[in-house]
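In: my questions concern the predicted model and sequence given below.
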Amino acid sequence: MTRSYFSAIVLMVFNLQVVAQPLGLPPVPIPADNPQTPEKIKLGDKLYHDKRFSADGKVSCATCHAKEKGFTDNLSVSKGFMGKQGTRNAPTVINAAYMKTQFWDGREPDLEGQSKQPPVNPVEGGLASHQPILDVIKKDGDYPKMFKQVFGVDEVSMEQVSKAIASFERTIIAGNSPFDQYQYGGDPTALDASQKRGLILFRSKGRCVSCHVIEQTQALFTDNRFHNIGIGFKKLKDNEAKTASAFLKEKHRGAEVDVTVLTQENMSELGRFAVTEDPTHVGAFKTSTLRNIAVTQPYMHDGSLKTLEDVVDFYNNGGRVKDTDPVSGFQSGGIRPLGLTKEEKKDLVNFLKALTSPEFSHLAKR
């Protein structure tokens with residue numbers, strides 16, 4: 001039997017699907033203080049889908065990160081309670097377990113920290129504090145018993161809530177794409193001729209691999225770093241310093257970073273700077289993984305590019321929607337025009353489509 005066959009095996013444990021390590025991916029990093037157990041994963045699944053953890057009782061983690069939408073929401077920017085609109089595109093949860101930081105600006109180091117923010121953000125969950133979540137859990141018919149079984153506690157804390165959600169999210173991994181079958185599974189027929197040309201371009205003329213990394217035995221398709229590629233430049237054009245200064249004043253007065261960047265569109269464009277306060281990080285956002293990119297549209301931190309064709313055109317123009325647009329002075333030095341032909345752009349898009357895992361391939365046909 002081939003490795004790709006074994007990668008697709010699904011084990012049934014306590015009625016949970018525990019997926020074997022997929023082809024093309026490394027082992028999932030598990031924190032020493034939050035080991036995986038079937039019971040904890042089941043609890044996290046329930047918490048992840050519970051809409052009661054929001055001000056209007058209609059928003060859960062799954063609202064913006066829905067399985068049937070590639071664990072995102074396919075909106076340019078996400079909508080929270082009462083239909084309030086934020087400033088950021090919802091990154092997919094697929095393979096988020098491998099990310100060294102969470103959120104577009106990397107303001108949280110892990111999934112545990114990430115899960116605590118949305119419920120109390122004014123445009124996401126809308127709660128004034130985490131206490132309503134703990135109140136729901138205490139009064140629920142199942143949660144107290146589940147938390148007792150998993151954590152051995154009678155009084156539940158947000159620390160335990162976040163650990164359970166993170167444990168569930170660490171099961172949302174996907175590899176075994178046609179690319180993986182070709183690159184790591186030894187199947188020369190897994191990619192068609194156009195996709196093979198696209199892979200060559202990805203590694204050479206397209207310069208994609210500089211940030212979307214492919215390694216010898218695995219590929220996360222991210223360098224886990226932050227870059228200013230030119231997205232959002234027009235919103236801050238000639239006002240970068242003024243906006244950064246205004247942001248720092250708010251932050252140093254006690255304003256929460258997540259609240260500011262999701263409620264003020266111009267400050268959202270500051271990117272990693274909002275976390276580090278490093279001027280070289282203005283407009284820099286995390287390199288997203290390209291796995292399952294064909295089903296997690298639209299693209300970029302603000303959802304401003306609707307299709308993969310738009311994305312390839314953007315990079316081909318050197319970080320500009322149109323090749324006549326000005327270039328940001330904060331743009332990363334590696335972003336420059338690529339000179340791809342029409343056929344080369346088509347091949348590159350076809351290769352990106354070959355990064356779709358089989359369990360999500362049906363979504364690419366919508």
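Out: Great, that's in hand.

In: what's the helix or strand for the closest residue to N266 other than its chain neighbours?
Out: Setting aside the residues directly before and after it, N266 is nearest to T243 in space (C-beta to C-beta, 6 or more residues apart in numbering), at 5.3 Å. The C-beta positions use only the backbone N, C-alpha and C, and glycine is treated the same way. Per DSSP states H and E: T243 is located in helix 240-252.

In: next SSE downstream of that helix?
Out: Sequence-wise, the next helix or strand downstream of helix 240-252 (DSSP H and E) is helix 257-263.

In: check which helices and strands that next one sits against.
Out: Helices and strands touching helix 257-263, by 3 or more C-beta pairs under 8 Å, 6 or more residues apart in numbering; DSSP states H and E, are helix 240-252, helix 265-268, helix 273-276.

In: report the separation between the spatially most distant residue from the centre of the chain and M82.
Out: Ranked by distance from the centre of the chain (C-alpha atoms, centre = their mean), the top residue is D154, with 33.7 Å. With distances taken as C-beta to C-beta, to the nearest Å, D154 is found 34 Å from M82.

In: one step back: now the helices and strands packed on helix 257-263 as a markdown table including mean neighbour count and distance to G230?
Out: As requested, the helices and strands packed on helix 257-263 are arranged in a markdown table below (neighbours: other C-beta atoms under 10 Å; distance: least, C-beta to C-beta, whole Å):
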| stretch | mean neighbour count | distance to G230 |
| --- | --- | --- |
| helix 240-252 | 15 | 13 |
| helix 265-268 | 20 | 15 |
| helix 273-276 | 21 | 15 |
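
In: neighbours of N176, how many?
Out: Neighbour count for N176, taken as other C-beta atoms under 10 Å: 24.

In: same thing with V327?
Out: V327: 14 neighbours (other C-beta under 10 Å).

In: try E277
Out: The number of residues packed near E277 is 14, by other C-beta under 10 Å.

In: how is this structure partitioned into domains?
Out: Domain ranges of the chain: 31-169, 178-228+287-365, 233-282, per automatic domain parsing.

In: what's the end-to-end length of the longest one?
Out: Its start and end residues considered, domain 31-169 measures 13 Å (C-alpha to C-alpha, to the nearest Å).

In: helix, strand or coil: sort out L47 for me.
Out: For L47, the assignment made with DSSP: H, G, I helix; E, B strand; the rest coil gives helix.

In: wait, isn't it in contact with K163?
Out: No. If you go by C-beta atoms under 8 Å, L47 and K163 don't touch, sitting 10.1 Å apart.

In: strands of the stretch 1-150 of the chain, residue ranges please.
Out: Counting by DSSP state E, counting those that start in this stretch, the segments of the stretch 1-150 of the chain that form strands are 10-13, 16-19.
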